[in-house]
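Sequence and predicted model, in that order:
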Amino acid sequence: MPNKTILITGGAGFIGSHVVRLFVNKYPDYKIVNLDALTYAGNLENLKDIEDKPNYTFEKVNIVDADAVKAVFDKHKPDGIIHLAAESHVDRSITSPLDFVYTNVIGTVNLLNAAKEQWKDNFEGKRFHHVSTDEVYGALGDTGFFTEETAYDPHSPYSASKASSDHFVYAYADTYGLPIVLTNCSNNYGPNHFPEKLIPLMIHNIINHKPLPVYGDGKYTRDWLYVIDHARAIDLVFHEGKNAEKYNVGGFNEWKNIDLVQLLCKQMDEKLGREAGESQKLITFVKDRPGHDLRYAIDATKINKELGWSPSVTFEEGLSKTIDWFLENKEWLNNVTSGDYQKYYEGQYANEAN
Ligand code: NAD
Ligand code: DAU
C-alpha cells in the first residue's frame, strides 16, 4: 500500500512534468497520479523516462468537467493535491481570455470542491498546494521586490485569472478550513519549455535562422529560475510549508529581455560553431504586448529563511544546460512546433517575424 497518494494536475506540461518526475523518483512509496487534459501545452513525451514506474498513473481529464474531476477523486482518494494545470501564456490570454477563466478559475474551484468533499470528515494529513505566479502582484518600477505581503494587482487576463484562483484557494481555507498552501514563482526556464515563451522561442528561432521578435524596446525585466529549482521548492513547501501560508519563489536573477536574448545568441553561436555575432543579427524589435508589465522581481527571503531553499544552479549554467537539452532533443522541438504551433505563430507574429 502506498503511504500517500498525490494528485498532480498539469503534470504533462513544462513545470508539472519536472514536479511529477521529482516526486515519482524521490518518493517510491507515494502513488503519483498525473491529471492532465493534454491541451496543446501538455505532452506525455515529457515523461517517457518515468511512465512505466509502478508508482505512476496518468488520468486524461479536463478540470473544467466537475464530474470527471470528482470521478478521479473517488477512484484514487488523494491525500494531497499539487495543482499546476492552467492556461499559462499571457499572449494567448490577450486573444482568448475566456479559456483562462474556464481552466484557471472554474477548473481550480472544481478541484477545491472535490478536495473539500473527499476530505470533509477529516482534514488531518491532507493538503491542497496551489501553484501560482508572481504576475498576480502586477508590475514593479525600476526598484523594489514582490514580497508575500504585496497587494494583488494583476494586469493581463492570465494574471487576473491566476489572482482569482488564488483568492478562491484562500476563501476555501477561511470558509471551510481546507488545508492549503500556495507558492508564487517567477519566470521558469529549462528543458521541455514550450516554444511560445521567450527563451525556448528564441532558441528555436536561432537554430532555424529565423527573426528573434523582441517586444517593444526590450527593456522589460524578468526574474528567471531554473525549472528544477522550482520543482525543489514545491516539494519543500508541500511537505514543510505552514498551513494557509504562501511562499514566494524566485531566482534573485533579473534580466532585461534584450540582454537575455543577446546572451542566448552568444552562447548559441559558440555551441553551434557559428561566427560570433551571427545570431544577434536576427534580433528584430516588434510591436509591444498590450498592458506589458515592466518588471517582475521576487523577494524569496521567506522560503530561504524558513525552509532553507535557494536556487541550485547559476543562470549561465542553467541556460547552457537548457540550450544543450534543446539541441539534443530536436525531435521533441520539431514535434511540438508542427501543426497548430505554426498557426499560432503566424497569428501572433503576423507581418513581423516569419
Ligand atoms: P504549461 O502551459 O506548460 O502546462 C500546463 C499544463 O496544464 C499542460 O500539461 C496542459 O495540458 C494542462 N492543462 C491546461 N488546461 C487544462 C485543463 N483544463 N484541465 C487539465 N489540464 C489542463 O504551464 P507551465 O508553464 O508548466 O505552468 C504550470 C503552472 O505553474 C501554471 O499554473 C502556471 O500559472 C504556474 N507558473 C508558471 C510559471 C512559468 O514561468 N512557466 C511561473 C510561475 C508559475
Ligand atoms: O512570471 C511568471 C510568469 O512567467 C508565468 O506565470 C507565466 O506562465 C509565464 O508564461 C511567464 O510569463 P511572461 O509573460 O513573463 O513570459 P514570456 O516568456 O511570455 O515573456 C517573457 C518576456 O519576454 C516578456 O517581457 C515578454 C517578452 N517577449 C515574449 C515573447 C514570447 C518578447 O519580447 N518576445 C516574445 O516573442
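Right, received. Where do you want to start? Just so it is clear, the structure is predicted and the values come from calculations on it, not from any experiment. Ligands and ions are numbered 1, 2, ... in the order given.

okay, now the closest residue to residue 126 other than its chain neighbours: neighbour count?
Leaving aside its sequence neighbours, residue 126 sits nearest to residue 119 (CB to CB, 6 or more residues apart in numbering; 4.7 Å). C-betas here are computed from N, CA, C, even on glycine. Residues within reach of residue 119, counting by other CB atoms under 10 Å, total 23.

Check residue 165 too.
Using other CB under 10 Å, residue 165 has 27 other residues around it.

and the host helix or strand of it, what does it pack onto?
Taking DSSP states H and E as the criterion, residue 165 maps to helix 157-176. Secondary structure elements in contact with helix 157-176, counted by 3 or more CB pairs under 8 Å, 6 or more residues apart in numbering; DSSP states H and E, are helix 90-95, helix 97-100, helix 108-118, strand 127-133, strand 180-185.

Just the helices from the stretch 251-354 of the chain, written as ranges.
Using DSSP state H, counting those that start in this stretch, the helices of the stretch 251-354 of the chain run over residues 257-272, 301-307, 315-328, 330-337, 340-348.

check whether the first one contacts ligand 1.
No: interface with ligand 1: helix 257-272 contributes nothing (CB under 6 Å from any ligand atom), its closest point being 13.7 Å away.

my guess is residue 5 contacts residue 33, does it?
Yes: with contact defined as CB atoms under 8 Å, residue 5 reaches residue 33; the gap is 6.5 Å.

so what's in contact with these two at the same time?
Common neighbours of residue 5 and residue 33, using CB atoms under 8 Å, 6 or more residues apart in numbering, are 76, 78.

Compare neighbour counts for the two and give me the winner.
residue 33 (24 against 17).

Reduced to three states, what does the more buried one come out as?
Following DSSP: H, G, I helix; E, B strand; the rest coil, residue 33 is assigned to strand.

I am assuming it contacts residue 6, so please confirm or correct that.
Yes: assessed by CB under 8 Å, residue 33 is found in contact with residue 6 at 7.1 Å.

shared neighbours, these two?
residue 78.

What sits closest to residue 288 if chain neighbours are left out?
residue 216 (3.6 Å).

so how far is ligand 2 from the one you found?
The spacing between residue 216 and ligand 2, counted by CB to the nearest ligand atom, to the nearest Å, is 7 Å.

Let the chain start at 243 from now.
Shifting the count to begin at 243 puts that one at residue 458.

Can I get stretch 469-485 as PDB, trimmed to CA atoms?
Taking Å, rounded to 0.1, in the frame of the first residue of the first chain, the C-alpha atoms of stretch 469-485 are listed here in PDB:
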ATOM      1  CA  VAL A 469      12.600  24.800 -13.500                       C
ATOM      2  CA  ILE A 470      14.200  22.100 -11.400                       C
ATOM      3  CA  ASP A 471      14.800  24.600  -8.600                       C
ATOM      4  CA  HIS A 472      11.000  25.500  -8.800                       C
ATOM      5  CA  ALA A 473      10.200  21.800  -8.500                       C
ATOM      6  CA  ARG A 474      12.500  21.500  -5.500                       C
ATOM      7  CA  ALA A 475      10.700  24.500  -3.900                       C
ATOM      8  CA  ILE A 476       7.300  22.900  -4.500                       C
ATOM      9  CA  ASP A 477       8.500  19.700  -2.900                       C
ATOM     10  CA  LEU A 478       9.700  21.600   0.200                       C
ATOM     11  CA  VAL A 479       6.600  23.800   0.600                       C
ATOM     12  CA  PHE A 480       4.300  20.800   0.000                       C
ATOM     13  CA  HIS A 481       5.900  18.800   2.800                       C
ATOM     14  CA  GLU A 482       7.100  21.500   5.200                       C
ATOM     15  CA  GLY A 483       5.300  24.800   4.500                       C
ATOM     16  CA  LYS A 484       3.000  26.200   7.100                       C
ATOM     17  CA  ASN A 485      -0.700  25.700   6.700                       C
END
